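Novice: Sequence first, predicted coordinates after that:
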Amino acid sequence: MRLRPILLALATLALSLTTPPAHAASATAAFVKVADWGSGFEGKVTVANGTSTPMNSWNVQFDIPAGFSIPSAWDAVMSRSGQRYTFTNPPWASALAPGAAVSFGFNGNPGGFPGVTGCTLNGAPCGGSGEDPGEDPGGLGKVGGVTLTSATATSAALSWTAVPGATGYKVRLDGAAAVTVTGTTHTLTGLGACTSHTVTITATGASGDGPVGDPFDFTTVGCQSGTLPDHFLTGYWHNFVNPATELKLSAVPDEYDLVAVAFGEATATPGEVVFGVDPGLATALGGYTDAQFRADVQALKQRGKKVILSVGGEAGRVQVAGAAAATRFADSVYALMRDYGFDGVDIDLENGLNATYMGQALRALRAQAGSELIITMAPQTIDMQSTGMEYFKLALSIKDILTVVHTQFYNSGSMLGCDQAFAYSQGTVDFITALACIQLENGLRPDQVALGLPAGPGAANGGVVSPSVVTRALDCLAKRTGCATFVPPRAYPDIRGAMTWSINWDASNNWSFSKTVKPHLQGMS
């Protein structure tokens, strides 16, 4: 089971907007600064529907001071006019039920952000009913510190931090009618196995309700086997011949949970992707046909593995730079998924991408393939140095449907980490952890971040490490143990796992990578 961690606000700014008393029920928007790391900050706005009717759409606008900017946002559509920013509900979002709340986030720069001004929600003051948005009419704070203390296939036990002055708490599950409890614990029952839910908790007192707490998401246990583990190992399989060991897909060992077939290729039609077993590889393997490959895909899936098609690579020229190309990408990849049995797609475009149109393409593919679609990305380290990079913008824009980003922490030279203090040298624990921290502290959930490393000598021009360095980096990020000079600002126990280039190079190096890293990942669950 994976939980989306609740980020505790470091500072609730003057615009900590609250829900007014029950007699003046209205919709509100509340801003908090979640984090500030000197060179940038993360903000979050929670839109709460305090009315008795569904909100089919919402529009939040506010101003930020001159000299600050917001380059990226997630779970909302962002636009800008000067220093005034507008955020609207994403097109895939459902109506906001009465009493329910939803949050969107954004990253900005530089650090030291003082707050927002002139906030409106659907044209009205964000505080609701024309009240001072900094005023808390109930005199109560927002509920925080929500945790899942235990869960079964049909129940979930929650606890939270007490709010001074509260006489009770309203617990609302998935927008349904609230249950009022007097303590700071409550057990939800009657839930389904392996189902995702959202809870909001509101403190209540003699003078009314406090602000709606930030949404807390959790998933019950009982998920079927065959899904990706909480911590898993990804490997690329070569559909070409190079100095590494040639392998049929059926020869992939059990240590690998997710196999990325490298690569789908471009055609003269923008956005179109095609695939077939490489003739040179087929010859090197003594004859390997498309039919045999299809059978091997199914055999891996029967072993509980997932198989996806990787698009791009170092020499890849797939381009999605317009709406027509986005449609063609989605249609052609979905056709290959049905033809070969692929479970999803990996974006490994090392020659540039357009975040806007690739995002459209992946959402169109998701609409065709359904919620089980696996979407992974394999950016180079330079592509994830800041949220203004196209790869990072893409990851944040599809955060709600993205499976994992396994950044290539190799062939990079020295680079700055999230502390912006040193240019860490590749091939070290510091390099891996400090650069992974950039993603972890800038909007991606820990379960969407994995570490990509070469499988051994020959697999990369730089950044080749012992598998023990990979396991040490995982421990540093998950538990803040085994770190070198750099220690992350917090632990990320849900860090998703590791990726290697490649399964073929792992075979060439006596399977050292997979036989070391996979058992370690199993021990993290």
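Specialist: Cool, the structure landed.
Novice: what's downstream of the lengthiest helix in the chain, the next helix or strand?
Specialist: Assignment by DSSP state H gives helix 323-340 as the longest helix of the chain. Next helix or strand after helix 323-340 toward the C-terminus (DSSP states H and E): strand 344-349.
Novice: what's the angle between that next one and helix 323-340?
Specialist: 130 degrees (axes from the mean of the first three to the mean of the last three C-alpha atoms, to 10 degrees).
Novice: Tell me the strands beside strand 344-349, with direction?
Specialist: strand 306-313 (parallel), strand 374-377 (parallel) (DSSP bridges).
Novice: can you put those in a markdown table and add mean pLDDT and mean neighbour count?
Specialist: For every residue, glycine as well, the C-beta is placed using N, CA and C. Shown next, in a markdown table, are these (pLDDT from 0 to 100; neighbours: other C-beta atoms under 10 Å):
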| stretch | mean pLDDT | mean neighbour count |
| --- | --- | --- |
| strand 306-313 | 90 | 23 |
| strand 374-377 | 96 | 23 |
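Novice: can you list the ones you listed in a markdown table and add distance to Ala251?
Specialist: Output for the strands paired with strand 344-349, formatted as a markdown table (distance: least, C-beta to C-beta, whole Å):
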| stretch | distance to Ala251 |
| --- | --- |
| strand 306-313 | 14 |
| strand 374-377 | 22 |
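Novice: those strands in the stretch 151-300 of the chain, which residues are they?
Specialist: All strands of the stretch 151-300 of the chain, identified by DSSP state E, counting those that start in this stretch, fall at 156-159, 168-173, 179-181, 185-188, 196-205, 208-212, 216-219, 232-238, 258-266, 273-274.
Novice: out of those strands, nearest to Phe293?
Specialist: Closest approach to Phe293 among these is made by strand 258-266 (8.7 Å; C-beta to C-beta).
Novice: Just the buried residues of the longest helix of the chain, please?
Specialist: 325-334, 336-337, 340 (16 or more other C-beta atoms under 10 Å).
Novice: Next, the angle strand 258-266 makes with it.
Specialist: Going by the same axes, to 10 degrees, helix 323-340 makes 130 degrees with strand 258-266.
Novice: And the strands paired with strand 344-349: which comes nearest Arg84?
Specialist: Between the strands paired with strand 344-349, strand 374-377 lies closest to Arg84; by C-beta to C-beta that is 31.6 Å.
Novice: Run a quick neighbour tally on Pro467.
Specialist: Pro467: 22 surrounding residues under other C-beta atoms under 10 Å.
Novice: So which residue of this protein lies furthest out from the middle?
Specialist: Taking C-alpha atoms, centre = their mean, the residue of the chain most remote from its mean C-alpha position is Gly286, at 41.4 Å.
Novice: Tell me which residues touch that residue, please.
Specialist: Listed by C-beta atoms under 8 Å, 6 or more residues apart in numbering, the contact set of Gly286 is empty.
Novice: could you measure it against Thr167, distance?
Specialist: Distance, Gly286 to Thr167, by C-beta to C-beta, to the nearest Å: 77 Å.
Novice: Equivalent analysis for Ala124, please.
Specialist: Distance from Ala124 to Thr167, by C-beta to C-beta: 29 Å.
Novice: re the thing from before, of the strands of the stretch 151-300 of the chain, which shows the lowest average pLDDT?
Specialist: With a mean of 74, strand 216-219 has the lowest mean pLDDT of these.
Novice: just checking, what packs against that strand?
Specialist: strand 196-205 (3 or more C-beta pairs under 8 Å, 6 or more residues apart in numbering; DSSP states H and E).
Novice: and Pro243, what are its phi and psi?
Specialist: When read as degrees, to the nearest 10, the backbone of Pro243 gives phi -60, psi -10.
Novice: from what I can see it touches Gly458, true?
Specialist: Yes. Shown here, Pro243 and Gly458 form a contact pair, counting by C-beta atoms under 8 Å, at 6.2 Å.
Novice: Comparing those two, which shows the higher neighbour count?
Specialist: Gly458 (15 against 9).
Novice: Now for the more buried one: which residues touch it?
Specialist: Gly458 makes contact with Pro243, Ala244, Trp505, Ser508, Asn509, according to C-beta under 8 Å, 6+ apart.
Novice: Sticking with it, tell me its helix or strand.
Specialist: Residue-wise, Gly458 maps onto no helix or strand under DSSP H and E.
Novice: Just the pLDDT for it.
Specialist: Note for Gly458: predicted pLDDT of 95.
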